[in-house]
Structures are given as C-alpha cells and as structure tokens.
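1. below are the sequence and a predicted model; questions follow.
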Amino acid sequence: MRTKIIAVNALIVAVMGLLSFLLVRSSLTAAGGNNAATAQGAVNGAAGWLELDGLRAERWLSSFANDTATLDAISKATPAARGDAATKRCDDVVSQAKNASIFEHDVPTFVALVDTSGKIVGRNSSNMNRGDDIGSMHSGLKATLATGQPGSDVWYEHDRYLASYVGIRDAEGKIAAALVIGRPLDDALSLISQETAGRPLVLVAPKGDTFEVVAHSAQTSPLLDDSVGKGAKDTLKTALSHQQPDVVRDGDVLVAVSPLPGFEGGKRALLAAEAPASLIQDPTGVALVPIVGAVGIGIVLVLVAGWLLGNYITRPIDMLEEGLLAILNGQADKRFELDHAELGGLAFRIDQLLNQLMGVEEDTTDEEGRVSRAPSAASAATFTDSLEVDDKRMQQSAEGAVDPDVARRLALEPKGQYYTRIYKEYITAKKAIGEATDHISEQAFAARIQSMEQDASQKYGRPVRYQVHARNKEVVLLAVPL
C-alpha cells in the first residue's frame, strides 16, 4: 500500500514536471527566438540619431554663415592673409563649439573654410592642408558650394569624419565659400551607441566583391566585423542597392543593417549592428534546472507524505488482519478495540458480526459495569424507576392514618393546578437532595401520576391523590385516599 501510494504520486509529479519543462522551454524559445525586430530597431534608431546629429550641426553652423567675420576671412587680398584669417576664424569656431551643448561629448576636431572651387583656404590649429581639393573628393560638399544648401555626410574614403557644412554668401547673395566641421566618425558612432541601444556599431562600405568596416564604435565586436566581411555580403549588397534596412543571420548572430539616406555618402555605406539570434541562448538549460529542482523537492515530499499516509492506513489494517487470523486459529473471544477515524467503525461492525455468528450477547456495559443506554431511554428509565420506588413507599405509607383536612383540600384542588403543583414540589425536593431532574418533563410526570392514581383507586376503592414527602435523603410520593 505504502509503495503504491508513493509510486503513483511520484509518477504524477514526474509527468507534471516533464510537461512543465516542455511548456516553459517552448515559451522561452518563442519569446527569445525572434530577436530580428529588436536588432533592426536598434540599428534603425542609431541611423536616425546619426542623421539627426548632422542636422543639428548644420543648424549650429548656419549662425556663422551670416557672420561678417567669416566673410572677411576669405576676402583678404593675398592667399597667405586669407589662410591666416581663415585659420583664426576656424579656431574661433572650435572654441565656441566647446561651449555648445550639442557638442558636449563630441567636439569637432576638423574645421575648415573652403572656397568655391572646393579647396581649403585654411583650417583650425594648422597651416597644413591649405589648397587641398576636398570638394572633388566629397560630392555632398561640392553640391553645397553649387547650391548653397547645407548638408552632412560620412567621410571615410580619406579622412573619417561625420562632416557638416554650410554655404557662405557674399554681399550680393552669391556663394563665396563653405564652412566645414568634422567630428571623428568612430567617436560619433561610440556616442550614438551609448545614447541608443548600447550595441556595437560599424559603418561598412563596399570594397571589391565584399564589404569592409570603415568605422566602428568604441564597443567593438569581432563577430560583427567577421560577419560583415563574409557572411552578410549578399544582404549588404541588397540593402545598399535598394536603400532598405535588412537583417541576416550568421550562425548565432543577427546582423542588422540600415542605409543613411540623409547623407550623400550614405548611399555608398551602411550602418550595421549585431544582436544575438536568440535573447535566451539556451532555453533548455534555463528551463531544466529550476524545474528539475522543483520535481526533486516534490518527489521528496511525496516520499514523506506517502510514508506517513501509508502507515496511517496500513497499521489498522494489519491489526484487523492479525485479529481475524487469531479468531480463525480458535481465539473466539478476540475482539477489536480500534480508535481510528476511518477504520474504527469497520472494526466495531466486525465485532458485532462476530458476536452474532458466535451467539454471544453484546456487552453494553461501560467500564464501571453500568448498562449503557441512549440518553432519552436512560432518562425515562431513571424517572420510571424512581416513581416505582416512590409508589411502593406510597403504598406502605397509605396504611397509616390520613388527615381529613389534607384529603379535603386535595379533593377540592383543580386537576390542572394539582398536577402542576405536585410536579414543582417533586422537582424542588429532588434538587434539594442533589439529584438530577433535567430528564423529568411535566407531561411525563403527570401521565405517570395519573396511571398511579388509577391503580391506587382500584386498590382503595375510591379516588386517590398524592403528596410529596422528602425523608431520609429520599423523595417519596404518599397516596391520600379522598
């Protein structure tokens, strides 16, 4: 019995544990397996932030386009004077950029004044690069010199900057030059990575038949660099040619790419970020450990509970079996005294059956030898026995002289009043000597008195009524012939 209880419950716990494991693992796989949308959202957000940085820089630069000091710098008579004035003006721009909130963590390191031919007139902190033709290298800057529209771009072919530029107009409203600022592209990607999803970011550009990483955030990822260079080649080509974001899986890594349509150079480069293919790398391990622990604890509890429950059931059954075996072996007086909530009643019925089969009268006495009766029967018997004793004493006492006044008074008393009075006197007398009276009802008392009066009337040949007398610690009823 005990083993069966433990086995059945342990099997139930094990089945429920296995079912829980399968359901939890399935839920974890479903919840953590679709991380493509998360990866794409991260890189799209970073691309948008990068373009927003360029627009903010353009707006900040526009305040210098209408500044006469800028136009004066490129209006000097000699190239040397123009170069020196341009350098000084560029240094002033850098100084003001250090105090600008938009450049709090990414101050421009390259500031230059460029003439309408695209050549550098002067740059900050150095006499170098004067005369360099950067307009021919960057189509976006060339377009600004032609139209006067501000723009931003990612420069990676020669210098790696997040560049922004605005046109400078002369007094007649014609484009006279352009003011250019550049922030290191790696630093810009690092800042954007911190401000967005915190994932490693890289800027990739085509190189021959494949792609290469031309800039990356401070938080690097060898897996991302490797995936961009090899596994994601076809996806990068498609995304670049169609200017649409895309996601490709390379082993356990998702590579999400996004074009930069707001940049002229963005049409030739893509921003990429990586994400794990699954948010939960090992759903089986995550689900298995806690569920196995819970199943183990459950089985231990089943063992303890099964052992206790088995003992509670099997011990009384073993007692019944041993007792019946003793009866079969000739111990006819063997009976069961089993105090058990579930099997105690069965043991009592077995005792009754044995008594009937063996013709033995059932012992209804208690431990002190008193007959055990139902409460109502016991109360009625006690009341009847008391009145029978009192009746005998009444008959003996009736042989003496009867006071005529008492007889006359009893005869004149109405029946209802008489029975109520004698009942109360009887109860009061019983209580006075310490006897219980809860079992004596007035109706039963009156019926018994009436029966006794009929018997006594036949004996004496005339009506009889009773008086209550208490003597010698006893209460008796004395018959009074009327």
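-> Perfect, thanks for sending it. Residues are numbered from 1 along each chain as shown.

2. quick one: mean pLDDT for the longest helix seen in the chain?
-> Longest helix in the chain, counting residues (DSSP state H): helix 283-328. Throughout helix 283-328, pLDDT has a mean value of 83.

3. tell me what the very next helix or strand once past that helix is packed against?
-> Using DSSP states H and E, the helix or strand that follows helix 283-328 in sequence is helix 344-358. Helix 344-358 sits against helix 283-328, with contacts defined as 3 or more C-beta pairs under 8 Å, 6 or more residues apart in numbering; DSSP states H and E. C-beta: built from backbone N, CA, C; applies to glycine.

4. hang on, residue 24 in a helix?
-> Yes - assessed by DSSP: H, G, I helix; E, B strand; the rest coil, residue 24 belongs to a helix.

5. so it makes contact with residue 288?
-> No - taking C-beta atoms under 8 Å as the definition, residue 24 is not a contact partner of residue 288, at 9.0 Å.

6. so for those two, which residue has more residues nearby?
-> residue 24 (17 against 14; other C-beta atoms under 10 Å).

7. can you pull the phi and psi angles for residue 77?
-> phi -70, psi -40 (degrees, to the nearest 10).

8. how about the one 3 residues further on?
-> Residue 80 adopts backbone torsions of phi -60, psi -40, taken as degrees, to the nearest 10.

9. show me where the protein has strands.
-> For the chain, the strands defined by DSSP state E occupy 110-115, 120-123, 151-155, 161-169, 175-184, 201-207, 210-216, 246-250, 253-259, 270-276, 464-471, 474-481.

10. let's have those strands in TSV, adding distance to residue 311, mean pLDDT and mean neighbour count.
-> TSV is the format used below for the strands of the chain (distance: least, C-beta to C-beta, whole Å; pLDDT from 0 to 100; neighbours: other C-beta atoms under 10 Å):
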stretch	distance to residue 311	mean pLDDT	mean neighbour count
strand 110-115	87	93	24
strand 120-123	94	93	24
strand 151-155	80	90	26
strand 161-169	80	92	25
strand 175-184	79	92	24
strand 201-207	68	81	22
strand 210-216	71	80	19
strand 246-250	59	74	19
strand 253-259	59	80	24
strand 270-276	54	76	25
strand 464-471	59	86	18
strand 474-481	56	86	20
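
11. export these to a markdown table and tack on distance to residue 18?
-> Shown next, in a markdown table, are these (distance: least, C-beta to C-beta, whole Å):
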| stretch | distance to residue 18 |
| --- | --- |
| strand 110-115 | 64 |
| strand 120-123 | 71 |
| strand 151-155 | 55 |
| strand 161-169 | 56 |
| strand 175-184 | 57 |
| strand 201-207 | 44 |
| strand 210-216 | 46 |
| strand 246-250 | 31 |
| strand 253-259 | 32 |
| strand 270-276 | 28 |
| strand 464-471 | 83 |
| strand 474-481 | 80 |
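
12. nearest to residue 351, out of these?
-> strand 474-481 (40.2 Å; C-beta to C-beta).

13. walk me through which strands that closest one pairs with, and which way each runs.
-> strand 464-471 (antiparallel) (DSSP bridges).

14. who touches the strand it pairs with?
-> Strand 464-471 is contacted from outside by 394, 397, 406, 410-411, 413, 418, 422, 425-426, 429, 432-433, 449, 452-453, 456-457, 475-482, using C-beta atoms under 8 Å, 6 or more residues apart in numbering.

15. and if you look at stretch 299-307?
-> 2, 5-6, 9-10, 13-14.

16. may I have it as PDB, with CA atoms only?
-> The C-alpha coordinates for stretch 299-307 follow below in PDB (Å, rounded to 0.1, in the frame of the first residue of the first chain):
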ATOM      1  CA  ILE A 299       9.300  13.700  -5.000                       C
ATOM      2  CA  VAL A 300      10.900  14.100  -1.600                       C
ATOM      3  CA  LEU A 301       7.600  15.500  -0.200                       C
ATOM      4  CA  VAL A 302       5.700  12.600  -1.900                       C
ATOM      5  CA  LEU A 303       8.000  10.100  -0.200                       C
ATOM      6  CA  VAL A 304       7.400  11.700   3.200                       C
ATOM      7  CA  ALA A 305       3.700  12.100   2.800                       C
ATOM      8  CA  GLY A 306       3.300   8.700   1.300                       C
ATOM      9  CA  TRP A 307       5.100   7.100   4.100                       C
END
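
17. and the chain, what are its domain boundaries?
-> Following automatic domain parsing, one finds the domains of the chain at 2-30+287-311, 35-46+190-261+270-276, 47-188, 312-358, 375-481.

18. okay, how far is it across the longest one, tip to tip?
-> In this case it means domain 47-188. 11 Å (C-alpha to C-alpha, to the nearest Å).

19. the first one now?
-> End-to-end distance for domain 2-30+287-311: 7 Å, by C-alpha to C-alpha.

20. ditto for the shortest one
-> When the termini of domain 312-358 are compared using C-alpha to C-alpha, they are 31 Å apart.

21. just checking, residue 257 touches residue 204?
-> Yes - the pair residue 257 and residue 204 passes the contact test of C-beta under 8 Å, sitting 7.4 Å apart.

22. quick check: neighbours shared by the two?
-> Common neighbours of residue 257 and residue 204 (C-beta under 8 Å, 6+ apart) are 236, 270-272.

23. out of those, what pair is the most spread apart?
-> Longest span within the shared contacts of residue 257 and residue 204, C-beta to C-beta: 236 and 271, 11.1 Å.

24. shared neighbours of the two, anything?
-> 204, 257.

25. ok so, going back, just the ones of the contacts of strand 464-471 in helices?
-> Using DSSP H, these in helices are 394, 397, 406, 410-411, 418, 422, 425-426, 429, 432, 449, 452-453, 456-457.

26. okay, now residue 425: neighbour count?
-> Neighbour number of residue 425 under other C-beta under 10 Å is 17.

27. give me the nearest residue to it, chain neighbours excluded.
-> In this structure, residue 425 finds its nearest non-sequential neighbour in residue 468, 4.2 Å apart by C-beta to C-beta, 6 or more residues apart in numbering.

28. who's the one you found bridged to?
-> Beta-bridge partners, per DSSP bridges, of residue 468: residue 477.

29. make 36 the starting number, not 1.
-> With the count now opening at 36, the last piece we talked about shows up as residue 503.

30. and the closest residue in space to residue 97 that isn't next to it in sequence, bridged to which residues?
-> Spatially, and ignoring its direct neighbours in sequence, residue 97 is nearest to residue 201 (5.4 Å; C-beta to C-beta, 6+ apart). On the basis of DSSP bridges, residue 201 takes part in beta bridges with residue 214.

31. who touches residue 201 in this structure?
-> Contacts of residue 201 by C-beta under 8 Å, 6+ apart are 93, 96-97, 99-100, 179, 185, 213-214.

32. the residues you listed: which two are farthest apart?
-> Maximum pairwise distance in the contacts of residue 201, criterion C-beta to C-beta, is 14.0 Å, between 99 and 179.

33. between those two, which one's more packed in?
-> residue 179 (28 against 19).

34. the more buried one contacts residue 187, doesn't it?
-> No - if you go by C-beta under 8 Å, residue 179 and residue 187 don't touch, sitting 9.9 Å apart.

35. common neighbours of the two, please.
-> Common neighbours of residue 179 and residue 187 (C-beta under 8 Å, 6+ apart) are residue 200.

36. residue 91 against residue 139, yeah?
-> No - applying C-beta under 8 Å as the test, residue 91 and residue 139 come out as separate, 11.7 Å apart.

37. so these two - more neighbours on which side?
-> For the pair residue 91 and residue 139, the greater number of neighbours falls to residue 91 (16 against 10), based on other C-beta under 10 Å.
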